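Colleague: give me coordinates for this.
(4 chains)
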2 protein chains.
Amino acid sequence: MAGSTSARRAGGRTRLSRESILDRYIELADRSGGTEVSLRALGESMGVDPTAVYRHFRSKDELLTAVTDRLLAGVVDAFEPTGDWRLDLRALALLTRGVYLSHPRLARLLAHSPSSHPSNASLIEACLAALRSAGLGDADAAAAVELMENYVAGVSSLNAEMGDAEDGAWRRELAALPPVRYPHVTAVADRLYRGDDRNFEFGLDLILDGLEARAGLISSLPARGP
Amino acid sequence: MAGSTSARRAGGRTRLSRESILDRYIELADRSGGTEVSLRALGESMGVDPTAVYRHFRSKDELLTAVTDRLLAGVVDAFEPTGDWRLDLRALALLTRGVYLSHPRLARLLAHSPSSHPSNASLIEACLAALRSAGLGDADAAAAVELMENYVAGVSSLNAEMGDAEDGAWRRELAALPPVRYPHVTAVADRLYRGDDRNFEFGLDLILDGLEARAGLISSLPARGP
DNA sequence: ACCTGAACACCGTTCAAGT
DNA sequence: ACCTGAACACCGTTCAAGT
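Modeller: You can find the predicted model right below:
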């Protein structure tokens, strides 16, 4: 191969564009799990001045907004609805979790970017379709979709922050506490912090259980006056 | 009063200590809602060289760890158990949420600091006491306490990041989407993003409902062999 | 024992200058 | 039209020097 790090300087014309910048940024972010990718590192990786990105994006925030949109679009594309609302919500949640696990920073960003997220709207649409088909009323469906977004983004990005190498340090520390003062902690310490994914799904299923109960409650009501 | 910004230079001896640094840091963090407090700003506020803090804390992370411990200790102190496990878990969750709302950064920090958080252990102890008194088995109680921590810290710190001034921009944008492509979104858009606190409690209650169902399930079983 | 001040290695961003 | 390069205003942190 003539260039695995091709754009470094080899080809001559480096042809920067919004798309090529997004590609490279995501590649770098995926590779250096967790730590922020600086515009200087991005520029160097593309064989270009660190400030060249500013000719295509107004700011780093705008770049990250575009990154978010692309990654969420990937979620929408990968999602294959089954018609079973529980399975569908579960699939959407796990797919979205994958995005935030590899890009923890995006959660905070999406939280306060009030525009240009078409793929986010598609994601909400898919969630709402499942929630309403479950039999939830408009108020509950609206609350539920917002909750799902916050739960997935909040918990997953938090999980991603600690990332590697916690290998039970917490568990051991809690287990070593004096049992007289911490009877409950020491009693169950060996069951604590045994994997974020499992715990995420535990919470997800509790929420889905709760939604199912609410939906069943409504549909089993005799009638409902306005 | 001789000095509202007393430590600036007035008194002469500025007497730095771990306690006085923590006091001032929390004060500054509370005041400048959301934006990070730099060590330079902290030093200036105390009338002291920006690097003087390093004589009392090994790093900024160690400082923030101490801040976390103090704030969580405040939660444990403020908590008054009622004996009703649901009320108690709710109270603990809302008190802890308050900490992360005013100090969003702490969630990420607590996530990967594997030591010296006695107040965190007390918090877990209080949660576990409530969960076990609800009738949950050890495995469920352990999963539940971890979930509660992640839910409260993850969602609340995410809520805090967006902070002020989102005043329905999202809602208006979603409502303005083409109804043909986004039928569900446009149908419920006016019910979306109407306050983080309400949605936080909606999710919290769903989780508590789910836990209650699990506890009831177990205690209504005929018996359980080992 | 504690604080200072210069210095180092980073950030995101702006702007005049190049081509 | 796009990229460069110096510069600005920030970071956390280190370390020799002061008192």
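Colleague: going by C-alpha atoms from here, please, whenever you check contacts or count neighbours.
Modeller: Fine.
Colleague: spell out which parts of chain A neighbour DNA strand C.
Modeller: A:Val37, A:Ser38, A:Leu39, A:Arg40, A:Ala41, A:Pro50, A:Thr51, A:Tyr54, A:Arg58, A:Ser59, A:Lys60, A:Asp61 (Cα under 7 Å from any atom of the strand).
Colleague: restrict the residues you listed to those near DNA strand D?
Modeller: Counting by Cα under 7 Å from any atom of the strand, the members of the residues of chain A next to DNA strand C near DNA strand D are A:Pro50, A:Thr51.
Colleague: count of neighbours near the residue of chain A found nearest chain B?
Modeller: Nearest residue of chain A to chain B, counting by Cα to the nearest Cα: A:Gly154, 4.1 Å away. Using other Cα atoms under 10 Å in any protein chain shown, A:Gly154 is surrounded by 27 other residues.
Colleague: list the contacts for it?
Modeller: A:Ala107, B:Tyr151, B:Ala153, B:Gly154, B:Val155, B:Ser156, B:Ser157, B:Leu158 (Cα atoms under 8 Å, 6 or more residues apart in numbering or on different chains).
Colleague: and for it, nearest residue in space, chain neighbours not counted?
Modeller: If the residues on either side of it in the chain are set aside, A:Gly154 comes closest to B:Gly154, at 4.1 Å by Cα to Cα, 6 or more residues apart in numbering or on different chains.
Colleague: immediately after the helix or strand containing that neighbour, which helix or strand?
Modeller: Assigned by DSSP states H and E, B:Gly154 belongs to helix B:138-162. Downstream of helix B:138-162, the next assigned helix or strand under DSSP H and E is helix B:169-175.
Colleague: contacts for the helix or strand following that next one next, please.
Modeller: Sequence order places helix B:183-188 as the next helix or strand after helix B:169-175, per DSSP H and E. The contact list for helix B:183-188 (Cα under 8 Å, 6+ apart) reads A:121, A:124-125, A:128-129, A:138-139, A:142, B:174-179.
Colleague: with stretch A:132-147 instead?
Modeller: A:85, A:124, A:127-128, A:131, A:211-212, A:214-216, A:218-219, B:188-189, B:191-193, B:199-200, B:202-203.
Colleague: so, low pLDDT: which residues of chain A?
Modeller: Residue ranges of chain A with pLDDT under 70: A:1-14, A:112-116, A:163-167, A:217-226.
Colleague: could you redo the last one with a cut-off of 90?
Modeller: Applying pLDDT under 90 to chain A flags residues A:1-15, A:30-36, A:101-118, A:158-173, A:192-196, A:215-226.
Colleague: give me the nearest residue to the residue nearest to the spatial centre of chain A, chain neighbours excluded.
Modeller: Per Cα atoms, centre = their mean, the C-alpha nearest to the average position across chain A is that of A:Tyr100, at 2.8 Å. Take A:Tyr100 and drop its neighbours on the chain: the residue closest to it by Cα to Cα, 6+ apart is A:Ser157, 5.3 Å away.
Colleague: next, count neighbours for that neighbour.
Modeller: Considering only other Cα under 10 Å, A:Ser157 is surrounded by 29 other residues.
Colleague: contacting residues around it?
Modeller: Per Cα under 8 Å, 6+ apart, neighbours of A:Ser157: A:Tyr100, A:Leu101, A:His103, A:Pro104, A:Arg105, A:Ala107, B:Gly154.
Colleague: let's see that with 7 Å instead.
Modeller: A:Tyr100, A:Leu101, A:Pro104, A:Ala107 (Cα atoms under 7 Å, 6 or more residues apart in numbering or on different chains).
Colleague: quick one, what contacts the last one?
Modeller: Under the criterion of Cα under 7 Å, 6+ apart, the contact list for A:Ala107 reads A:Tyr100, A:Ala153, A:Gly154, A:Ser157.
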